[in-house]
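K.L.:
Structure of the sequence below:
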Amino acid sequence: SSSSSSKDYSSQRNGGSTLAAATWWQDQTRWTRPRKITLAGPSAGPFKDKAKMSVAYVLPRPSNPTDHFTLSVLSMLLVSGQNSPFYRQLFCSELHPSDFSADTGLSTQALSPSFAVGLQDISPDDVGKAEEMIQSIFESVERDGFEPEAIEAVLHQVELQFKHETHGTGMRWMQSIMGLWTHGENPIPFMHMGQTAAALRSLVEADPTVFQRQIRRLFLDNPHRLTTVMLPDEAFFSKMTAKEQELLKDRSQGLTSHDREELCKRAVYLEAKQQEVEDVSCLPTLSVADIEKDIRVYDVQKIKVMDVPGQLCVQPTHGVVYLKMEWDTSTLPADLHVYLPLFTRALTFLGAGNHPSFQLSQKLMLKTGGVNVTANALASPTEDNACRLSLGVSTYALERNVSEAAALLSDVLLSAHWDNTELIAQLVRFSASELASSVIEGGHAVAIRLAASQFSPSGRWRELYSGLHQVRFMADLAARAEWEAVGLKLKQIADHVLKPEHLRFAVNCSEDCVETAQAMVQSLVSPLPTSPASPRAASHIAPFIHQEPEGLLLPHASAVYVGTEASVNFVARVGRGVPFVHRDAAPLSLLAHMATTKFLHREIREKQGAYGGGANFAGNLVFYSYRDPKTEETVDVFRRCCEWMCEGNFSDQDVMEAKLLEFQGDDRPATPGMRGTVEFRSGITDEMRRTKREQLLGCSKDDIVAAARCHLRPDAKNAVVIVGSEQQAELFQHKDSWERQRV
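P.N.:
Next comes the predicted model:
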């Protein structure tokens, strides 16, 4: 859109007034020279003595959709994927960063876009060297440009975005234009991505240097540059707490008696408002009568390819072929299971066949939508203490690229470069850093996994794969630096698991792609090595078995405090649950919704000031709080919530609202690539889903109270875990019922 059309649009939107443009949309004054700031940051985890740094630029505002799109593509070319110049040169250097900084990439939320590139967990002595390297990389890109295949790979990803449907597709498109929209641009031209991509492709064909010519204007000659350095400080959190206390003291001393009286009045008024029951009868709402009585069912054909069982679901996928493979890992030697999460990252990271890692990354971008690898521990929907262990490998590709995508995936499965110790070291450092950060940023998930590990095998396997046990294991692995030994373990996993007798698959594609999709599966299965000593009993349904992880150190007490360097807390309470088909599963699901909306949000978020809190039911009944200033108070809130449910202090209207929330999730439309895969992924059949739906629709207040009194009674077993600050840990130092741990 032109500048004049943008003004016309903003003028129409503001009733003809230009006041908004004059006040809200003024661009900041551009700097005439770069600036640099140095900050203190927390010192914790396996990289506690390391620094973080970032170099950020404010860029000129694009004048039209093509310029805006060109900027997005340029950002992807610079920092996305292992073949990008910044990744290749920074991560293959002696700097040894664990990851890019969190702000790396393009941001378009402000009036003028910005671009940043930075590194995490480097030596403080190397910060200056990192700055020089970033400048040098821009100069080399200006000089050498980008490979045509790299540009084509990015444009291919854009094309896939149009055809690959996900639940977040609409929101993703809205967010991509939100910065433009809120700053007065007409958003409609920016949504015509197909036309814009075609226009950019024509520009590139006419002038292959179109991207490298932007480098000097946007970066090398741009003085509006900010370098931010964060150096580790072991006393960071204590200093921050002291500063907050000093600020509070200063503000308190400045209050007059009248000010204090007013604050007390406001506090009393706020408490009264929090206790009020809001009248929501004036709001439009659905009712249970509006809910469909039956489940959505998709036609799924059971098929076999070279004796490997699978399924085919024909759907309108816009020419995209979706493949999901699941490999049974239940027979994997016990000592290798703890390496499985690292294996999921390494499989496509180290390079494969004739493709070095950077080339493989680019080829996968060029021919697929990526390869997703997961380590799964799934609870049985029908019985307690049974689970399914598997390795999931999934991808999708345009029909025209299916054969090449299959060839790349076959290389990955058969000949990954397990001897690439340099990249293994890089990956371990990255994983250790990310896991350590997850304890501070998402400690509620860590607390939930540790608490749930006390109840079921699936909970214990999840603790091994992604809980505190994995955090500690990866930190130890990074410290030991035995990269060849790690590579050998990963190769042993590949040799054991990636065989046809362990495989099931699911394919979703349109009618005209069926033969292509089946040929893809055959080309993947045919070269896989087999084990004659253990012939496969072919089955479309993967079994659930009773199996426990070895070497997992579980808490000795049902209440655990895990001390961290964070200044806030994460609290979780988990109770023993029931399988999907159990008659109490439906009322417990509704109970969790009501606990969240009618009790926990008010008590934890509004009264205590935590960022959030709630309850959910997915096999176990979980209560949690997120970034919580309290500890014991929150544990007591969970106890009072259980009493509230057992006493039935909720209404039939509350039950109806809980049902609407439950069906909002259950009835979310399945995307074409996921239709018909519920049983394949979870073992939950259509009949199980139909029965559960009937139970949910017929569930009454009395049913929920009965389930609460059975599973939430005072003597029912539960586990409580707090992931919190070391300062608060002192409160639990002498509590006999609590076990103290550190990350």
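
K.L.:
count of neighbours near the residue nearest to Arg296 when sequence neighbours are not counted?
P.N.:
Counting by CB to CB, 6 or more residues apart in numbering, Ala670 is the residue found nearest to Arg296 once chain neighbours are left out, at 7.1 Å. Every C-beta, even on glycine, is put in place using the N, C-alpha and C of the backbone. Ala670: 16 surrounding residues under other CB atoms under 10 Å.

K.L.:
cool, Cys646 as well?
P.N.:
Neighbourhood size, Cys646 [other CB under 10 Å]: 18.

K.L.:
hmm, back to that, hang on, the residue nearest to Arg296 packs against Ile295?
P.N.:
No: using CB atoms under 8 Å, Ala670 makes no contact with Ile295, being 10.9 Å away.

K.L.:
so is the residue nearest to Arg296 in a helix, a strand, or just coil?
P.N.:
At Ala670 the chain is in coil, as set by DSSP: H, G, I helix; E, B strand; the rest coil.

K.L.:
how close does it sit to Thr331?
P.N.:
Using CB to CB, to the nearest Å, we find Ala670 at a distance of 32 Å from Thr331.

K.L.:
State the mean pLDDT of the biggest helix by length in the chain.
P.N.:
Ranked by residue count and defined by DSSP state H, the top helix of the chain is helix 421-441. The average pLDDT for helix 421-441 rounds to 92.

K.L.:
Skip the chain neighbours and tell me the closest residue to Pro60.
P.N.:
Excluding its sequence neighbours, the residue lying closest to Pro60 (CB to CB, 6+ apart) is Ser112, at 7.0 Å.

K.L.:
Tell me the backbone dihedrals of that neighbour, please.
P.N.:
phi -110, psi 140 (degrees, to the nearest 10).

K.L.:
what about the protein, any weak spots by pLDDT?
P.N.:
Within the chain, the segments meeting pLDDT under 70 span 1-25, 45-46, 532-540.

K.L.:
So which elements touch the longest helix of the chain?
P.N.:
strand 99-100, strand 114-122, helix 340-346, helix 443-452, helix 468-480, helix 483-497, strand 559-564 (3 or more CB pairs under 8 Å, 6 or more residues apart in numbering; DSSP states H and E).

K.L.:
hang on, the earlier thing: tell me if I'm right that the residue nearest to Pro60 and Tyr57 touch.
P.N.:
No: the criterion here is CB under 8 Å, and Ser112 misses it with Tyr57 at 10.1 Å.

K.L.:
give me every residue that touches Ile704.
P.N.:
Shown in contact with Ile704 (CB atoms under 8 Å, 6 or more residues apart in numbering): Pro587, Leu590, Leu591, Met594, Met645, Gly648, Phe650, Val655.

K.L.:
Just the buried ones among those, please.
P.N.:
Neighbour counting by 16 or more other CB atoms under 10 Å classes Pro587, Leu590, Leu591, Met594, Met645, Phe650, Val655 among the contacts of Ile704 as buried.

K.L.:
After the host helix or strand of the fifth one, heading C-terminal, what element do we hit next?
P.N.:
Same thing as Met645. Assigned by DSSP states H and E, Met645 belongs to helix 632-646. Using DSSP H and E, the helix or strand that follows helix 632-646 in sequence is helix 652-666.

K.L.:
Report the separation between the closest residue to Asp144 other than its chain neighbours and Thr104.
P.N.:
Spatial nearest neighbour of Asp144, excluding adjacent residues (CB to CB, 6+ apart): Gln212 at 7.5 Å. Going from Gln212 to Thr104 by CB to CB gives 20 Å.

K.L.:
Also Gln728?
P.N.:
Distance from Gln728 to Thr104, counting by CB to CB: 33 Å.

K.L.:
From Arg713, how far out is the residue nearest to Phe455 when sequence neighbours are not counted?
P.N.:
Excluding the flanking residues, the one nearest Phe455 by CB to CB, 6+ apart is Arg576, at 5.0 Å. Plainly put, Arg576 is 12 Å away from Arg713 if you go by CB to CB.

K.L.:
Please compare the two by neighbour count and tell me which comes out ahead.
P.N.:
Arg576 (17 against 11).

K.L.:
Quick check: phi and psi at that one.
P.N.:
Dihedral angles (degrees, to the nearest 10) for Arg576: phi -60, psi 140.

K.L.:
Ok, Leu378 next?
P.N.:
Here is the backbone geometry of Leu378 (degrees, to the nearest 10): phi -110, psi 130.

K.L.:
same deal with Gln28?
P.N.:
Per-residue torsions, Gln28: phi -70, psi 150 (degrees, to the nearest 10).

K.L.:
How much space separates it from Lys36?
P.N.:
Distance from Gln28 to Lys36, by CB to CB: 18 Å.

K.L.:
Of those two, which one has the most company?
P.N.:
Ranked by neighbour count (other CB under 10 Å), Gln28 and Lys36 place Lys36 first, with 13 against 10.

K.L.:
Can you give me the neighbour number for the closest residue in space to that one that isn't next to it in sequence?
P.N.:
Distance criterion CB to CB, 6+ apart; nearest residue to Lys36, sequence neighbours excluded, is Thr227 at 4.3 Å. Per other CB under 10 Å, the neighbour tally for Thr227 reads 19.

K.L.:
what helix or strand does Thr227 sit in?
P.N.:
In the assignment (DSSP H and E), Thr227 maps to strand 225-233.

K.L.:
tell me which strands and helices that strand is in contact with?
P.N.:
Applying 3+ CB pairs under 8 Å, 6+ apart, we find strand 225-233 packed against strand 35-42, strand 51-58.

K.L.:
Tell me which of those strands is the most buried.
P.N.:
Among the helices and strands packed on strand 225-233, ranked by average contacts under mean count of other CB atoms under 10 Å, first place goes to strand 51-58 (a mean of 22).

K.L.:
what would the helices and strands packed on helix 421-441 look like in JSON lines with mean neighbour count and distance to Val635?
P.N.:
Shown next, in JSON lines, are these (neighbours: other CB atoms under 10 Å; distance: least, CB to CB, whole Å):
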{"stretch": "strand 99-100", "mean neighbour count": "20", "distance to Val635": "35"}
{"stretch": "strand 114-122", "mean neighbour count": "24", "distance to Val635": "34"}
{"stretch": "helix 340-346", "mean neighbour count": "22", "distance to Val635": "30"}
{"stretch": "helix 443-452", "mean neighbour count": "26", "distance to Val635": "12"}
{"stretch": "helix 468-480", "mean neighbour count": "19", "distance to Val635": "19"}
{"stretch": "helix 483-497", "mean neighbour count": "17", "distance to Val635": "39"}
{"stretch": "strand 559-564", "mean neighbour count": "22", "distance to Val635": "8"}
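
K.L.:
Out of the ones you listed, flag the one nearest Leu435.
P.N.:
Shortest distance between Leu435 and the helices and strands packed on helix 421-441, using CB to CB, is found for helix 468-480: 4.5 Å.

K.L.:
quick one: contacts of the closest one?
P.N.:
Contacts with helix 468-480, where a contact means CB under 8 Å, 6+ apart, come from 45-46, 338, 341-342, 428-429, 431-432, 435-436, 438-439, 446, 449-450, 463-464, 486, 552-553, 562, 741, 743.

K.L.:
Same check on stretch 150-164?
P.N.:
Here stretch 150-164 has contacts from 73, 76-77, 80-81, 83-84, 193-194, 197, 200-201, 204, 211, 317-320, 362-363, 365-367, 369, 396, 398, 673, using CB under 8 Å, 6+ apart.

K.L.:
For it, C-alpha coordinates in PDB please.
P.N.:
Extracted in PDB, the C-alpha atoms of stretch 150-164 (Å, rounded to 0.1, in the frame of the first residue of the first chain):
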ATOM      1  CA  ALA A 150      18.900 -21.000   0.200                       C
ATOM      2  CA  ILE A 151      16.500 -18.300  -1.300                       C
ATOM      3  CA  GLU A 152      14.300 -21.000  -2.900                       C
ATOM      4  CA  ALA A 153      14.200 -22.900   0.400                       C
ATOM      5  CA  VAL A 154      12.800 -19.900   2.300                       C
ATOM      6  CA  LEU A 155      10.200 -19.200  -0.500                       C
ATOM      7  CA  HIS A 156       9.200 -22.900  -0.400                       C
ATOM      8  CA  GLN A 157       8.500 -22.500   3.400                       C
ATOM      9  CA  VAL A 158       6.300 -19.500   2.500                       C
ATOM     10  CA  GLU A 159       4.300 -21.600   0.000                       C
ATOM     11  CA  LEU A 160       3.900 -24.400   2.500                       C
ATOM     12  CA  GLN A 161       2.400 -21.900   5.000                       C
ATOM     13  CA  PHE A 162      -0.500 -21.300   2.600                       C
ATOM     14  CA  LYS A 163      -1.300 -25.000   2.300                       C
ATOM     15  CA  HIS A 164      -0.400 -26.400   5.700                       C
END
